[in-house]
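coordinates for the following, if possible.
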Amino acid sequence: MQWSLILLFLMAQCCFIDCQLYQFHYINQNKTWTEAQQYCREKHTDLATVTNMKDMKRLINISAGYKTAAWIGLYDQTNGTRTWFWSLPELEFNESETNWNPGEPSDKGIHGSENCGAVYQDLKWVDDGCQKTKYFLCYDETNKTHKYHLIEDMKTWLKAQSYCREKHTDLISGTKQLQDEEVKKLMISPSDYTHIGLFRDTWRWSDGNSFSFRHWNNDFNYPQSNSGQCAMTVFNDGGRWKNVSCAERKPFICYDDKVILIKENKTWKDALTYCRDHHDDLVTITNMDDQRWIQEKVKNASTPFVWLGLRFNCFKNIWFWVCKEKISYQNSTSAGWMNNCNTSGAMQAGGEHRWFQRNDTEELNFICSKV
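Residues are numbered from 1 along each chain as shown. Here you go, the predicted model:
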């Protein structure tokens, strides 16, 4: 019997000196977006993928005071398929878990495409124009008593998102949040549709990752129409993004990936040996940001689970990371794990990417950290 871990990650001391699974590099050379992409792929991993506001702060810090703009790895697919995303970066949009109002999404906006989500009192979803001003719902992960806030101030979707990220955590996102009883009580008063953290676009990351984070310039409700299909971050505008012609020549930001998926089937111990012989170690996950980064990797696995650097010591009755740092997790009975010898931790390659305990002798793909 397999036991799912309710907590997505266990707190541990970081095994990496800089505690980052990827590193950014500001390249002060003027190149077109395509030339910059080629340079990054040859000398690093790819043009920068930005996953959240923490990444934005890192980008601003490494710009070393340059008051200019730099390419990042976001580009607009020509005639690409629009894809729905949640504004909260850690959540993935699941087509099988939706609550659309009958006939929605309709995409029948008078002034153009309807690319942002809203709800009425019954919390059924509709698509609507991002430029329309509405009340909006914020989510606050730090406030355990009042996680959700109805902001009775008319704003466009983008400005509502900016407000929520500055004052709280983000726009309310995900079916679980939208089904919360606290949200249902808040929605008694609005007499019109209210913005939620649902949007769709054709923009994609150069490295193929599906992260939903966007940080467009606040002067616009969306990337400027017909202004260009490549994104740059503007440092003297708080790092906000603008879309311009890919043929313009600018500095750019690359990243180095510090983890790698090994699509070979090995037991946990053989995977550990491989990582230490060829790279650094089996990967350690210390926070939700790490979890999301690893989730993107394991989607490409050829086995249903992927080994992590998480091991059970049956003599000391603790779970620990192979970097030798003891985790602060107490006996795992409450989370549904059994403390068996010859047991290690693995992540689901699909679904919610939860952690499971698996027998060490199973042969699975695995994730190595790199020096």
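
residue with max distance from the center of the protein?
The centre of the chain is farthest from one residue, Phe315, which by C-alpha atoms, centre = their mean lies 37.0 Å away.

worst-scoring helix or strand of the chain, pLDDT-wise?
Every helix and strand of the chain was ranked by mean pLDDT, DSSP states H and E. The lowest is strand 318-321, at a mean of 86.

for that one, the distance to its chain's centre please.
With C-alpha atoms, centre = their mean, to the nearest Å as the basis, strand 318-321 stands 26 Å off its chain's centre.

same check on stretch 52-59?
Centroid separation for stretch 52-59 versus its chain: 12 Å, with C-alpha atoms, centre = their mean.

could you list the buried residues of that stretch?
Going by neighbour count (16 or more other C-beta atoms under 10 Å), the buried part of stretch 52-59 is 52-53, 55-56, 58-59. To be clear about C-beta, it is placed using only N, CA and C from the backbone, and glycine gets the same treatment.

before we move on, what about stretch 359-371?
So for stretch 359-371, counting by 16+ other C-beta under 10 Å, buried means 360, 364-370.

and the end-to-end length of it?
Across stretch 359-371, the terminal residues are separated by 28 Å (C-alpha to C-alpha, to the nearest Å).

would you confirm that Gln177 contacts Glu141?
No - here Gln177 does not reach Glu141: they are 10.2 Å apart, not a contact under C-beta atoms under 8 Å.

re the thing from before, can you name the next helix or strand after the least confident helix or strand of the chain?
strand 343-348 (DSSP states H and E).

which one of the buried residues of stretch 359-371 is nearest to His149?
Nearest to His149, judged by C-beta to C-beta, of the buried residues of stretch 359-371 is Ile367 at 37.0 Å.

name the nearest residue to that closest one, ignoring sequence neighbours.
Val283 (4.2 Å; C-beta to C-beta, 6 or more residues apart in numbering).

what's the separation between that neighbour and Gln20?
From Val283 across to Gln20, the span is 13 Å (C-beta to C-beta, to the nearest Å).

just Glu181 next, same as before
38 Å.

neighbour count winner among the two?
More crowded of Glu181 and Gln20, by other C-beta atoms under 10 Å: Gln20, with 18 against 7.

is it true that the more buried one touches Asp256?
No - counting by C-beta under 8 Å, Gln20 stays clear of Asp256, with 9.6 Å between them.

any idea whether Ala160 is helix, strand or coil?
At Ala160, secondary structure determined by DSSP: H, G, I helix; E, B strand; the rest coil is helix.

if you could redo that for Asp55, that was the one I meant.
helix.

spit out the contact partners of it.
24, 213 (C-beta atoms under 8 Å, 6 or more residues apart in numbering).

tell me the spacing between the residue farthest from the centre of the chain and Asp360.
With C-beta to C-beta as the criterion, Phe315 and Asp360 are 15 Å apart.

so Glu296 touches Phe211, yeah?
Yes - using C-beta under 8 Å, Glu296 makes contact with Phe211 at a distance of 7.3 Å.

mind checking how far the residue lying closest to Ser245 once chain neighbours are set aside is from Arg214?
Excluding the flanking residues, the one nearest Ser245 by C-beta to C-beta, 6+ apart is Gly228, at 4.2 Å. Look at Gly228 and Arg214: by C-beta to C-beta, they are 16 Å apart.
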